[in-house]
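K.L.:
starting from these lines, generate the structure:
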Amino acid sequence: MNTEKIITIYDIAERLKLAPSTISRGLQDNPAVNPKTRKKIFDTANEMGYRFNTFARNLRNQKTNTIGVIVPRLNSLFISAILAGIEKELNSANYNMLISQSLELEENEIKYAKTMLHNRVDGLIVNLAANTSSLDHFAEYIRHRIPLLFVDRVIENDDFNTVVINNTKAGYEVTSHLIAQGCTKIAHLTGSLMRNVYQDRKAGYQSALAEHGIPYDESLVFETDLTEESSIRAAREIIKMKTRPDALFVANDLSAVICMKVFKDAGLTIPGDIAIAGFNNDVISRISEPMLTTVNYPGEEMGKIAARHLVTQIKGEADAALANTVILKSQLVVRASTLKNKTDDQ
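P.N.:
Below you'll find the model as predicted:
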C-alpha cells in the first residue's frame, strides 16, 4: 500500500533554497523573517501539503488552545444550546472544545475532570451532574490556576465563577401566573433537589403559594430524574389522585409535554382540567398542542458568556483568582397551555 510522504520543514527549505531555521521561524510567523518571505514559506507549505504542528507549538508555549466542557448529558436541547454558544465564542477566539458527558453521575464527572487536566486544557466549563455533592475534584484546577467556570447547575462557593439565571424568581413567576389563572392546587414536577436550579425553582414555587395564601403540600411535589419514564409515572400518579391538581409546573419542557400527552390520552383537557407550564422554551414548547407556557432560558447566550469570561481569564485580561457570578435574564412566556381565563391577555 502506498503511503503519502510526510512533508517536513527540510523539504520546504530545499524547495525554497532557504535555511531550515528560516522556514521554522517563518511558519511561526516570526517578524524576524520579512513578510514577503513569510508569505512564500506559507504558500509553499500549503502547496506541498505540509501539516502544521500546532499541538507541539502550543506545548512549547504552555498552551493547548483547548477548552474542556463537562455536561450532564448531550441528549438535551438546553445543553445543546449552551454548547452551541460556547462553540461559537471559542471558534471566534481560535480555541477548540473538548466535550465529555457525565451521564448525571458524580463518579464520571470526577473521572473527566481528571482527564481534562491530564489533557492540559487551558480552562474548564462545567454543568454539574445530578448527584454531585462536592467540588473537591476541581481543587487541582484552582491549585494550578487553570480558569474554571460553572454554568446553570452550580454549588454555592465564593471561589468559583458562575453563569446562571434567577431560578427562584422564574419559579415564582410561573406559579404566580398559574394562580392568576384561578389555579389553587398546583403540583410541581422537579429534578434532583441536590441541584441549585431545581432547589431554586421549587423555592420560587413555594414563595408564590405562600404569598397568595395557598398552603404548601409536599405530596404535590414529585422529585424525579426528568426522564421520559419518570415523567410518565408522575403524570399517572397525578391522574390517580383523589383530588386532582388543577395545574402542574414542570421543571423542563420535554417532561411537561410528556405529561401533557399522558393527561390527554386519559381524556383530560389542557388547560381546562389541568393547566401545564414548563421551563426552558425549547422548540417542543412551540409545537405542542396546545402550545406550552414556559420560561425562556437563554442557553446559547449562557454558553457564549461563559466561554467569553473563560477566555479573558486565560489571556490574563481578568484575574483568575477573582470569582464572580453573572446572572442572565429569563422571561415568562405565556401560551395556551395555562390560559384557563380566556380574557387574560398576558
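
K.L.:
below-threshold pLDDT in this structure: ranges please.
P.N.:
1-4, 52-62, 158, 318-323, 342-346 (pLDDT under 70).

K.L.:
quick one, domains of it?
P.N.:
Segmentation of the chain into domains, based on automatic domain parsing, reads 9-52, 66-164+299-328, 167-297+332-338.

K.L.:
helices of the stretch 101-250 of the chain, start to end?
P.N.:
106-118, 139-143, 167-180, 196-211, 228-240 (DSSP state H, counting those that start in this stretch).

K.L.:
tilt between the fourth one and helix 167-180?
P.N.:
Direction vectors for helix 196-211 and helix 167-180, defined by axes from the mean of the first three to the mean of the last three Cα atoms, to 10 degrees, enclose an angle of 40 degrees.

K.L.:
can you start the count at 41 instead of 1 from here on
P.N.:
Right, with 41 as the first residue, what we last looked at is helix 236-251.

K.L.:
so what does helix 236-251 touch, helix or strand wise?
P.N.:
helix 207-220, strand 226-230 (3 or more Cβ pairs under 8 Å, 6 or more residues apart in numbering; DSSP states H and E). Every C-beta, even on glycine, is put in place using the N, C-alpha and C of the backbone.

K.L.:
who wins for proximity to Ile354 among these?
P.N.:
Nearest to Ile354 among these is helix 207-220; the distance by Cβ to Cβ comes to 28.4 Å.

K.L.:
CA-only coordinates of the closest one, as CSV, when you get a sec.
P.N.:
The C-alpha trace of helix 207-220 is given here as CSV (Å, rounded to 0.1, in the frame of the first residue of the first chain):
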residue,chain,number,x,y,z
ASN,A,207,-34.3,30.4,39.1
THR,A,208,-36.2,31.4,42.3
LYS,A,209,-37.7,34.4,40.5
ALA,A,210,-38.6,32.4,37.4
GLY,A,211,-40.3,29.7,39.6
TYR,A,212,-42.2,32.4,41.4
GLU,A,213,-43.4,34.0,38.2
VAL,A,214,-44.6,30.7,36.7
THR,A,215,-46.6,29.8,39.9
SER,A,216,-48.0,33.3,40.3
HIS,A,217,-49.2,33.1,36.7
LEU,A,218,-51.0,29.8,37.4
ILE,A,219,-52.6,31.3,40.5
ALA,A,220,-53.7,34.3,38.5
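
K.L.:
state the distance from the nearest residue to Asn134 once chain neighbours are set aside to Asn136.
P.N.:
Among residues not flanking Asn134 along the chain, Asn105 sits closest, at 6.5 Å (Cβ to Cβ, 6 or more residues apart in numbering). As judged by Cβ to Cβ, to the nearest Å, Asn105 and Asn136 stand 6 Å apart.

K.L.:
for the two, indicate the residue with more neighbours.
P.N.:
Each of Asn105 and Asn136 has its neighbours counted (other Cβ atoms under 10 Å); Asn105 has more, 17 against 14.

K.L.:
hang on, the more buried one packs against Gly163?
P.N.:
No: with contacts counted by Cβ atoms under 8 Å, Asn105 stays clear of Gly163, the gap being 10.5 Å.

K.L.:
so which bits of stretch 146-163 are buried?
P.N.:
Using 16 or more other Cβ atoms under 10 Å as the test for burial, stretch 146-163 gives 146, 148-150, 152-153, 156-157, 161-163.

K.L.:
nearest to Leu229, of these?
P.N.:
Scanning the buried residues of stretch 146-163 for proximity to Leu229, where the rule is Cβ to Cβ, the winner is Glu146, at 23.2 Å.

K.L.:
farthest pair in the buried residues of stretch 146-163?
P.N.:
Between any two of these (Cβ to Cβ), the greatest distance is 24.3 Å, for Glu146 and Asp162.
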